[in-house]
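Novice: give me the fold of what follows.
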Amino acid sequence: MTRQSRRFFMKAAGGATVASLVGGSISFAQASDQFDKVPRIRLTTLPTACYKMNNMTDQIGGPDLYIKRDDVMELAHGGNKTRKLEYALAEALNNGAKAVVTQGGLQSNHVRQTVSGAAKIGLECHVILSNPVPEMKDELMGSGNYLMDHIMGAHIYVAEDGRGPVVEKVLADLTAAGKNPYNIPAGASNGIGSMGYVNAGRELVAQWKEMGISPSHIFHPTGSCGTQAGLIMGLRYFGNTTTKVMGVSVGGPAEPAMKRVRAVLNETCEVMGVPADFIKDEDIIVLGDYYGKAYGYPTEAGLDAVKMTAKNEGVLCDPVYTGKAMSAMIDMVKNNKLENAKDVTFLHTGGAPALHPYAKYFLT
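Specialist: A predicted model of the protein is given here:
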């Protein structure tokens, strides 16, 4: 995020409000009014549903379990990146971009939603993809998100030796062609993209109040870490000081992921005009025991969680992201690993299209 971008968003947001919010001198509604000055385009219908998983609660035992359905949105099957793109694509339009550039794996949910969002608002979309699971190349390039990227008209570049140089070349070529490209990082995980989950935090605070519940924990998969950074900020900014945000790493150890969360939080604070220490280190929780071999490789527990959620709730998770996160929640609830667990919530970030290339894990 450039300094120009930060100044633009800070000016639009009307300056810092957190000090007065924490001090109790402004209301939830006033904080919302300030936050809503951040430029945004509407790409889906919000709020998404949040409800109790009755059958999973009965199956696992323990506290009541809830699910927030961010997998159900209007950009080509939806997912968490749709919220982020409402802010990232708003800035692209405000900057006069004629094209957007982004990157991810061959089955990137973020890329699929970016391609869909760009099509919806009339921008070219150029995507740089890499293969996280070389032995599954044919499956990953034959269905699911990759297929949908093609159908929606994406300009696709497959990077064999790292995405960075290809991204730079595509940006340079588009700039030379006069298209003023806007670069969205992997996962839209920067300060601007994280605004989508600041907004989701506000949404959850209101929904939980209406439902009469007070979740002790909310679980979600964390990879590029923008969802986690935004959600922590959103809950705290809009007055929830107790719910623990449990990021489940899908591709590596906890410590590097926690550093990425902090880095995105630092950008989020700049965008919102919030003191850098508003979110304390103890608020950043990443679980690093559930990702398995590496990003893109399913785990046995994750596959079991996908099947369990599907059979008991009719909800489809995926083996790369939400299956691993659901397996973490199941394990920690079933084995009493959560302190003072109550109304435990699962944030479903999408990803079901990736079930198709991983079909062999479910058909045997």
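
Novice: need phi/psi at Tyr51.
Specialist: Dihedral pair for Tyr51: phi -150, psi 170, per degrees, to the nearest 10.

Novice: skip the chain neighbours and tell me the closest residue to Arg42.
Specialist: Counting by Cβ to Cβ, 6 or more residues apart in numbering, Arg42 lies nearest to Glu86, which is 6.6 Å off, once chain neighbours are set aside. All C-beta spots, glycine's among them, are computed from the backbone N, C-alpha and C.

Novice: how about the strands in this protein?
Specialist: Listed in chain order, the strands of the chain (DSSP state E) span 50-52, 65-69, 99-105, 124-130, 155-158, 182-183, 217-222, 244-249, 285-287, 344-348.

Novice: go through those strands and name the closest to Met141.
Specialist: For those, proximity to Met141 was assessed by Cβ to Cβ; strand 155-158 is nearest, at 8.1 Å.

Novice: give the other helices and strands that the closest one contacts.
Specialist: Contact here means 3 or more Cβ pairs under 8 Å, 6 or more residues apart in numbering; DSSP states H and E; on that basis strand 155-158 packs against strand 124-130.

Novice: and the strand it packs on, which strands flank it?
Specialist: Looking at strand 124-130 with DSSP bridges, its partner strands are strand 99-105 (parallel), strand 155-158 (parallel).

Novice: out of the ones you listed, deepest packed?
Specialist: strand 99-105 (a mean of 25; mean count of other Cβ atoms under 10 Å).

Novice: off-centre distance for it?
Specialist: When C-alpha coordinates are averaged (Cα atoms, centre = their mean, to the nearest Å), strand 99-105 and its chain have centres 16 Å apart.

Novice: what's the end-to-end length of stretch 237-247?
Specialist: Counting by Cα to Cα, to the nearest Å, you get 18 Å between the two ends of stretch 237-247.

Novice: for that stretch, buried residues please.
Specialist: Residues of stretch 237-247 classed as buried: Tyr237, Phe238, Gly239, Asn240, Thr243, Lys244, Val245, Met246, Gly247 (neighbour count, 16 or more other Cβ atoms under 10 Å).

Novice: which two in those residues are spaced the farthest apart?
Specialist: Gly239 and Gly247 (21.0 Å).

Novice: next, count neighbours for Ile172.
Specialist: One thing to correct before we go on: residue 172 is Ala, not Ile. Burial of Ala172 is recorded as 11 neighbouring residues (other Cβ atoms under 10 Å).
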